[in-house]
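Engineer: Structure, please.
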Amino acid sequence: MDKVKLADKFRKFDDWWSPKLVGELNENYIKLAKGMGELEWHAHENEDEFFLVVSGHLDIHLRDKVISLDPGDFFVVPKGVEHRPVAIDGAEIVLIEPKATLHTGSKQTDQTVAIEDQNWI
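Structural biologist: Numbers count the residues shown, from 1 in each chain. Coordinates of the predicted model:
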């Protein structure tokens, strides 16, 4: 067991919207991601999704409103709710979600990262 220094972990990768595994909590993964631009609209039918902004700014577009997150803010997207994360100028994000959660739900796009391709850093 070692502590996790987020700044050190974020320095280890540069790809956008590609979650990296940094911890486990019960049946959940703790993931880090960097966002730039838009991720596709998608939903997770059976899982909630936790977004915590570490740096930058993240807008989570829902069909009826936009949730704006700055460093230190978090939002939980309820299961089944269609959403699209947008980070126009970039953001570093912590995600907590069940281990079986698919990156872009049941929607497969060029941005989708398979569970087996989400590497530990």
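
Engineer: Show me the residue sitting in the middle of this protein in space.
Structural biologist: Nearest to the mean C-alpha position of the chain, by Cα atoms, centre = their mean, lies Leu95 at 4.5 Å.

Engineer: got the residue ranges for the helices in this protein?
Structural biologist: With DSSP state H as the definition, the chain shows helices at residue ranges 6-10.

Engineer: For Val22, give its distance to Glu82.
Structural biologist: As judged by Cβ to Cβ, to the nearest Å, Val22 and Glu82 stand 27 Å apart. The C-beta positions use only the backbone N, C-alpha and C, and glycine is treated the same way.

Engineer: residues of stretch 79-93 that come out buried?
Structural biologist: Judged by neighbour count (16 or more other Cβ atoms under 10 Å), stretch 79-93 contains these buried residues: 81, 83, 85-87, 91-93.

Engineer: Put the alpha carbons of that stretch into PDB.
Structural biologist: The C-alpha coordinates for stretch 79-93 follow below in PDB (Å, rounded to 0.1, in the frame of the first residue of the first chain):
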ATOM      1  CA  LYS A  79     -27.000   5.600 -14.200                       C
ATOM      2  CA  GLY A  80     -28.900   5.800 -17.500                       C
ATOM      3  CA  VAL A  81     -28.400   9.500 -18.000                       C
ATOM      4  CA  GLU A  82     -26.900  10.500 -21.400                       C
ATOM      5  CA  HIS A  83     -24.000  12.800 -21.000                       C
ATOM      6  CA  ARG A  84     -21.000  14.300 -22.900                       C
ATOM      7  CA  PRO A  85     -17.900  15.600 -21.100                       C
ATOM      8  CA  VAL A  86     -16.400  18.700 -22.700                       C
ATOM      9  CA  ALA A  87     -13.000  20.200 -21.700                       C
ATOM     10  CA  ILE A  88     -12.400  23.100 -24.200                       C
ATOM     11  CA  ASP A  89      -9.100  24.100 -22.700                       C
ATOM     12  CA  GLY A  90      -8.200  20.800 -21.000                       C
ATOM     13  CA  ALA A  91      -8.900  19.200 -17.700                       C
ATOM     14  CA  GLU A  92      -7.400  16.600 -15.400                       C
ATOM     15  CA  ILE A  93     -10.100  14.400 -13.900                       C
END
